[in-house]
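Participant: Predicted model, plus sequence, below.
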Amino acid sequence: MAGHGRETESKGFTLIELLIALAISAIVGTLAISAIRQFVSISAAEQDTMAVSTQIKVLSSKLSQDLVCANSGEVLDDGQTLVLYLSTFEFGELIEPVSYSINYSLVDSVIIRTTSDGSVTVARGVQSVSFGQDGAIGDVSTIDVTIRIGDVVDSTTITLDRRPS
């Protein structure tokens, strides 16, 4: 007779094996959640950086278009407001030009462009803006602006040329 011992067949997992598997799963899960959080955080910061850059580009583009067409202009309210004066001719008329103005001003962290047709937001998240010193604008305008979106802050100086009168 060979072997009086009891032979057992393993049909399941031991408690130790289950605890080890549970610990490994917890570690892998924690690492995955940490990686996802880091990705979301980096993604949000990149979106804020792109949003700040876009606000500056839109502001610079709109100001550039208007300054090139302006006959004259002035800075008011300690550099917080820019008024540009433009002239245009009515289609088919060669008599007196029609004059109008475009105002840029900072209102509650938003730069607003106002014409006789209405107002439009040009930049959001503006902490500060300076269109220069009060008085008439010259052929070159320097605008200092600080924009903050989320945790991203960018202070930049925009230098634009105006068409000589």
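Facilitator: Sure, I can see it.
Participant: Now do the helix or strand harbouring residue 35, average pLDDT.
Facilitator: Assigning secondary structure by DSSP states H and E places residue 35 in helix 15-69. Confidence over helix 15-69 (mean pLDDT, whole number) is 90.
Participant: quick one: contacts of stretch 19-30?
Facilitator: residue 13 (Cβ atoms under 8 Å, 6 or more residues apart in numbering). C-betas here are computed from N, CA, C, even on glycine.
Participant: quick one: that stretch to chain centroid distance?
Facilitator: Its chain's C-alpha centre and that of stretch 19-30 lie 41 Å apart, by Cα atoms, centre = their mean, to the nearest Å.
Participant: Counting neighbours, which bits of that stretch end up buried?
Facilitator: Along stretch 19-30, not one residue counts as buried under the neighbour rule (16 or more other Cβ atoms under 10 Å).
Participant: going forward, begin numbering at 74 instead of 1
Facilitator: From this message on, residue numbering opens at 74, which makes the last subject stretch 92-103.
Participant: Using CSV, list the CA coordinates for that stretch.
Facilitator: Coordinates of each C-alpha in stretch 92-103 appear next as CSV, following Å, rounded to 0.1, in the frame of the first residue of the first chain:
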residue,chain,number,x,y,z
LEU,A,92,-4.8,39.0,-0.3
ILE,A,93,-1.8,39.3,-2.6
ALA,A,94,-4.0,39.7,-5.7
LEU,A,95,-6.1,42.3,-3.9
ALA,A,96,-2.9,44.2,-2.9
ILE,A,97,-1.5,44.2,-6.4
SER,A,98,-4.9,45.3,-7.8
ALA,A,99,-5.0,48.2,-5.3
ILE,A,100,-1.5,49.3,-6.2
VAL,A,101,-2.2,49.2,-10.0
GLY,A,102,-5.5,51.1,-9.4
THR,A,103,-3.9,53.8,-7.4
